[in-house]
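**Q** For reference, the sequence and a predicted model appear below.
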Amino acid sequence: MIEQFKPPSIAPRLTSFPFCLLNTEHIYHSPLHHISSLSPFTHHSTNISSTNPNLHSPTLLIFCRLCSCLLPLLLLLRPTVAQFPQVPCWLMIPLAVIGNPGLDRSVLPENNHKPHSLLHLQRNQKSDVMASKNRESGKDTEPGPPPPMATTGSYKDEVYFMTVALLFAKKSPDPNTKVGACIVNQEGKIVGIGYNKMPNGCENADFPWKRGKYDDPTTKHQYVCHAELNAIVNKTSVDVKGCTIYVTLFPCNQCARILIQSGVRNLVYLSNKRKDRPDTNVSNKLLDTAGVTCRQFTAQGDVCALLKSIDPNAE
Ligand SMILES: Nc1nc(=O)n([C@H]2C[C@H](O)[C@@H](COP(=O)(O)O)O2)cc1CO
């Protein structure tokens with residue numbers, strides 16, 4: 001199909017494109033860096049290079065090519081544009097494609113404000129630099145509640161990723177065991193999230209949630225899709241080869257097989273409460289033989305501190 005490029009009509013549609021992409025199931029469509037750029041209902045990202053194949057539409061490709069033609073002009077304009085926070089967001093897309101030497105992409109905005117302009121991003125970055133200077137000088141070890149931005153970047157990335165897994169575990173309808181999983185690619189971007197639930201289209205209320213023997217069809221075990229499986233099928237990238245999965249419970253042998261087959265290389269788990277069960281031994285044997293590195297997450301304290309820093313009243 002040949003479609004004429006119409007800048008005025010595409011602009012409003014793209015206004016929200018770089019910063020908020022959601023599908024109908026509220027699963028994000030753009031790789032994320034940190035929990036702070038993620039909420040259950042809106043997902044912000046300054047990275048427009050979504051790996052979702054659905055976004056690689058001809059329209060987008062044509063648009064990107066046109067943007068690259070405008071590149072020299074935009075390079076000239078960039079310092080000027082950054083002075084005006086109200087500059088339309090669609091103009092920011094080519095700027096984001098070009099990249100801004102003043103911005104470190106590994107330091108994405110880590111507060112609740114929407115990064116609606118480059119100026120805003122630069123402000124955030126300045127705060128990050130301040131926070132990191134404070135850390136280096138040991139100031140953030142002083143007692144007392146931190147100022148809103150002081151915790152920015154205070155935690156290892158894995159703390160954010162396990163926190164994401166824990167947050168999504170909360171969405172599980174399983175009344176007994178809620179499990180969350182978060183898959184992260186080699187660039188440190190989240191490319192898949194899942195939690196245990198009944199298969200799509202199968203109403204949670206229509207199926208049993210009781211525990212029991214694994215082969216008993218009156219128990220949940222025959223029906224429920226595990227968090228790891230959902231994280232993989234929800235992936236926003238072409239594949240999850242070389243990725244790391246953060247999961248709140250050590251995988252069963254079935255999930256271990258799925259992880260191995262899909263190319264996940266590292267596993268970080270929170271709980272291994274079933275370590276004495278035979279199927280856990282099978283998981284261990286499979287993962288070990290296939291060369292998937294497994295380690296237990298030990299920074300629970302940091303997860304609690306991170307959550308508390310988001311909302312001091314959080315439990
Ligand atoms: N790694 C895992 N991922 C998961 O999503 N699950 C899910 C399947 C069930 O919904 C629940 C375990 O049930 P229970 O027998 O502990 O109440 O957790 C379980 C495991 C461990 O096998």
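**A** Yep, that arrived. This structure is a prediction, so every number in the text was calculated from the model and none was measured.

**Q** measure the residue nearest to C252 when sequence neighbours are not counted to the ligand for me?
**A** Sequence neighbours aside, D279 is the residue nearest to C252 in space, at 5.5 Å (criterion: CB to CB, 6 or more residues apart in numbering). Backbone N, C-alpha and C define where each C-beta goes, glycine included. D279 is 7 Å from the ligand, where distance means CB to the nearest ligand atom, to the nearest Å.

**Q** how much space between D279 and G194?
**A** Counting by CB to CB, to the nearest Å, the separation of D279 from G194 is 19 Å.

**Q** When the two are compared, which one has more neighbours?
**A** G194 (29 against 14; other CB atoms under 10 Å).

**Q** what's the pLDDT at that one?
**A** pLDDT for G194: 98.

**Q** Do I have it right that it meets K235?
**A** No: G194 lies out of contact with K235 (CB atoms under 8 Å); the separation is 9.3 Å.

**Q** where does this protein come near the ligand, residue by residue?
**A** Residues of the chain lying close to the ligand by CB under 6 Å from any ligand atom are 174, 176-177, 179, 196, 211, 220, 224, 226-228, 249, 251-252, 255.

**Q** Quick check: the farthest pair among these?
**A** R211 and E228 (19.2 Å; CB to CB).

**Q** Give me the more crowded residue out of these two.
**A** Using other CB under 10 Å as the criterion, R211 and E228 rank with E228 on top: 29 against 14.

**Q** which stretch of helix or strand covers that one?
**A** Taking DSSP states H and E as the definition, one finds E228 inside helix 227-233.

**Q** who are the neighbours in contact with the nearest residue to P173 once chain neighbours are set aside?
**A** Of all residues not flanking P173 in the chain, N204 sits nearest, at 4.4 Å (CB to CB, 6+ apart). By CB atoms under 8 Å, 6 or more residues apart in numbering, the contact set of N204 is P173, K197, M198.

**Q** how about 10 Å then?
**A** Neighbour list for N204: S172, P173, D174, K197, M198, K220, Y223, V224 [criterion: CB atoms under 10 Å, 6 or more residues apart in numbering].

**Q** Name the nearest of the residues of the chain next to the ligand relative to G291.
**A** Taking the residues of the chain next to the ligand together and measuring to G291 by CB to CB, the closest member is P251, at 15.4 Å.

**Q** The helix or strand harbouring Q261 - contacts with which helices or strands?
**A** In the assignment (DSSP H and E), Q261 maps to helix 253-262. Judged by 3 or more CB pairs under 10 Å, 6 or more residues apart in numbering; DSSP states H and E, helix 253-262 is in contact with strand 180-184, helix 227-233, strand 244-249, strand 266-271, helix 278-290.

**Q** Buried deepest among the ones you listed, which one?
**A** Ranked by mean neighbour count under mean count of other CB atoms under 10 Å, these are led by strand 180-184, which reaches a mean of 29.

**Q** Who are the packing partners of the next helix or strand after that one?
**A** Next in sequence after strand 180-184, counting helices and strands by DSSP H and E, comes strand 190-195. Applying 3+ CB pairs under 10 Å, 6+ apart, one finds that strand 190-195 contacts helix 157-169, strand 180-184, helix 227-233, strand 244-249.

**Q** Now do the shortest one: which elements does it pack against?
**A** Packing partners of strand 180-184 (3+ CB pairs under 10 Å, 6+ apart): helix 157-169, strand 190-195, helix 227-233, strand 244-249, helix 253-262, strand 266-271.

**Q** same check, this time on the third one
**A** Using 3+ CB pairs under 10 Å, 6+ apart as the contact criterion, the neighbours of helix 227-233 among helices and strands are helix 157-169, strand 180-184, strand 190-195, strand 244-249, helix 253-262.

**Q** could you check the angle strand 190-195 makes with the longest one?
**A** Relative orientation of helix 157-169 and strand 190-195, computed by axes from the mean of the first three to the mean of the last three CA atoms, to 10 degrees: 40 degrees.

**Q** What separation is there between Q296 and P251?
**A** From Q296 across to P251, the span is 13 Å (CB to CB).

**Q** which residues are in contact with both of the two?
**A** Taking CB under 10 Å, 6+ apart as the contact rule, Q296 and P251 both touch L267, Y269.

**Q** between the two, which one's more packed in?
**A** With neighbours defined as other CB under 10 Å, Q296 and P251 compare such that P251 has more, 31 against 11.

**Q** helix, strand or coil for that one?
**A** coil (DSSP: H, G, I helix; E, B strand; the rest coil).

**Q** just checking, it touches N196?
**A** No: using CB atoms under 10 Å, P251 makes no contact with N196, being 11.6 Å away.
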